[in-house]
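> quick one, fold the following:
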Amino acid sequence: MKQSSLFCILIICITFCFTSCSDKTSLQHYFVAHQETKDFISQDFPLSMIEVDKSEFTEKQLEAYHSVDKLNFIGFKLNENNLDTFNTEIAKVKSILKDEKYNDLMTFNIKGDRISVKYLGTDDVADELIIFGSSQEKGFGIVRVLGSDMNPEKLVTLIEAMQKSDFDKAKVEEIMNFFK
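Model prediction:
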């Protein structure tokens with residue numbers, strides 16, 4: 001009896017070690033590993049800090065806005081001395097985002113810069129929204145949008161509204177200046 005219990009405990013420990021030591025890096029691990037790294041900037045802030053003008057939001061956009069709790073941002077600033085690092089890091093991020101757990105929501109270009117939006121969750125409820133933008137001239141940035149009961153379809157309308165909306169740019173000036 002004692003030997004079989006010891007054997008079961010050993011099997012459970014070995015199983016735990018093999019399942020928890022996966023070489024797949026999550027986006028959250030990537031954020032943590034790079035938040036204090038040279039050429040990166042990292043910032044967490046609540047959505048309320050951006051102070052978006054919501055006066056012209058539709059009911060769906062307002063609902064989506066209120067489902068968001070906070071934003072996590074990490075960015076890599078490209079310069080002439082870190083091109084190899086940029087290529088390595090952008091390849092890592094793209095590899096992470098290729099995982100089938102990330103659902104494609106939309107992709108678009110703004111002045112030659114590519115932006116892709118993905119989410120974790122189901123078609124009805126997103127656990128996390130990921131906005132990944134990259135530029136061959138400036139670098140790349142990733143925003144993790146975290147909240148509760150976020151709906152991917154409504155979040156798309158929110159993103160579109162926020163692109164047209166006035167917001168207090170001073171609140172995110174440190175991030176914007178990083179890419180100048």
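
> how far out from the middle of the chain is stretch 134-148?
Centroid separation between stretch 134-148 and its chain, computed with Cα atoms, centre = their mean, to the nearest Å, is 6 Å.

> could you do stretch 40-50 as well?
Its chain's C-alpha centre and that of stretch 40-50 lie 12 Å apart, by Cα atoms, centre = their mean.

> tell me the buried residues in it?
By neighbour count with 16 or more other Cβ atoms under 10 Å, stretch 40-50 contains the buried residues 40-43, 47. Just so you know, the C-beta spots here come from the backbone N, C-alpha and C atoms, and that holds for glycine as well.

> what's the closest non-adjacent residue to residue 129?
residue 145 (3.8 Å; Cβ to Cβ, 6 or more residues apart in numbering).

> so what's the one residue sitting closest to the centre of the chain up against?
By Cα atoms, centre = their mean, the chain has its centre lying nearest to residue 144, at 2.8 Å. Neighbouring residues of residue 144 by Cβ atoms under 8 Å, 6 or more residues apart in numbering: 27-28, 31, 71-73, 128-130.

> and for residue 62, the neighbour number?
Using other Cβ atoms under 10 Å, residue 62 has 14 neighbouring residues.

> what stretches of this structure score poorly on pLDDT?
Counting by pLDDT under 70, the low-confidence segments of the chain come to 1-24, 50, 163-180.

> mind running it again at 50?
With pLDDT under 50 as the threshold, the chain has low-confidence stretches at 5-8, 10-11, 13-23.

> which parts of it are helices?
Remark: helices assigned in the chain by DSSP state H are 2-20, 27-34, 59-67, 83-97, 152-164, 173-178.

> my guess is the residue nearest to residue 129 meets residue 71, correct?
Yes. The pair residue 145 / residue 71 is scored as a contact, 5.7 Å apart, by Cβ atoms under 8 Å.

> returning to that earlier point: which of the contacts of residue 144 has the largest number of neighbours?
That'd be residue 129 among those, by other Cβ under 10 Å, with 26 neighbours.

> residues in contact with that one?
Contacts of residue 129 by Cβ under 8 Å, 6+ apart are 105, 117-119, 144-145, 150, 152, 155.

> from those residues, which two are the most distant?
Farthest pair in those (Cβ to Cβ) is 144 and 152. Separation: 14.5 Å.

> run a quick neighbour tally on residue 110.
Applying other Cβ under 10 Å, we find 10 residues neighbouring residue 110.

> from residue 131, how far out is it?
As judged by Cβ to Cβ, to the nearest Å, residue 110 and residue 131 stand 12 Å apart.

> do the same with residue 115
In terms of Cβ to Cβ, residue 115 sits 7 Å off from residue 131.

> okay, those two: which has more neighbours?
Applying other Cβ under 10 Å to residue 115 and residue 131 shows that residue 131 carries more neighbours, namely 20 against 16.
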